[in-house]
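Enquirer: coords please:
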Amino acid sequence: MATIIHHGVHGHLYKSQKVNKTLCEILSTLLIVQPYESYRQFHVYEHHGRAFSTFEDKDLAAIYQLGFTPGKSKAGLHTHLFLTLLSPKFHLVFFYGRLKSNLAGVPFYRLVMTLGWWASLTGICTIVGTSKPS
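Expert: Numbers count the residues shown, from 1 in each chain. Okay, the predicted model is just below:
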């Protein structure tokens, strides 16, 4: 799904930018990831712009901030990845960012989509969680 959203913000899925945006908004809402407009601004204009692969590139900065820096051995990087995947702090910070990006500074339609999806998930969990096995 992330690859589809990635190609959608680049406008590579459909000729119509409106269709690309609609598909990306739906998928990113379902996956609780960064909305179309903010991801497009960040990814297309900042990451693929002048800052690409410089210290101003936020993707590169995030990778470095996570501790994946040049000079580490392949085994060291694999170990660091494994430990990061087990880190509750990493997952809490990452999840907080996902929630925040779906609630703060988003267009009204996106807020409605997000809250509607979360309400649906809550309803499903409530129903499934309260059913008794036969």
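
Enquirer: find the nearest non-adjacent residue to residue 107, please.
Expert: Spatially, and ignoring its direct neighbours in sequence, residue 107 is nearest to residue 37 (7.3 Å; CB to CB, 6 or more residues apart in numbering). Glycine gets a C-beta too; all of them are placed from N, C-alpha and C.

Enquirer: find the helix or strand that the one you found is a member of.
Expert: Here residue 37 sits within helix 36-40, counting by DSSP states H and E.

Enquirer: which helix runs longest in the protein?
Expert: helix 108-130 (DSSP state H).

Enquirer: in the worst-scoring helix or strand of the chain on mean pLDDT, which residues are buried?
Expert: Every helix and strand of the chain was ranked by mean pLDDT, DSSP states H and E. The lowest is helix 58-65, at a mean of 79. Buried residues in helix 58-65, defined by neighbour count with 16 or more other CB atoms under 10 Å: residue 60.

Enquirer: right, and the helix or strand after it?
Expert: Later in the chain than helix 58-65, the nearest helix or strand by DSSP H and E is helix 74-86.

Enquirer: show residues contacting the following helix or strand past that next one.
Expert: Note on helix 74-86: by DSSP H and E, the next helix or strand toward the C-terminus is helix 88-103. Residues outside helix 88-103 that contact it (CB atoms under 8 Å, 6 or more residues apart in numbering): 29, 32-35, 38, 66, 84, 110-111, 114.

Enquirer: re earlier: and the contacts of the longest helix of the chain?
Expert: Applying CB under 8 Å, 6+ apart, the set of residues contacting helix 108-130 is 25-26, 29-30, 32, 35, 102-103, 106.
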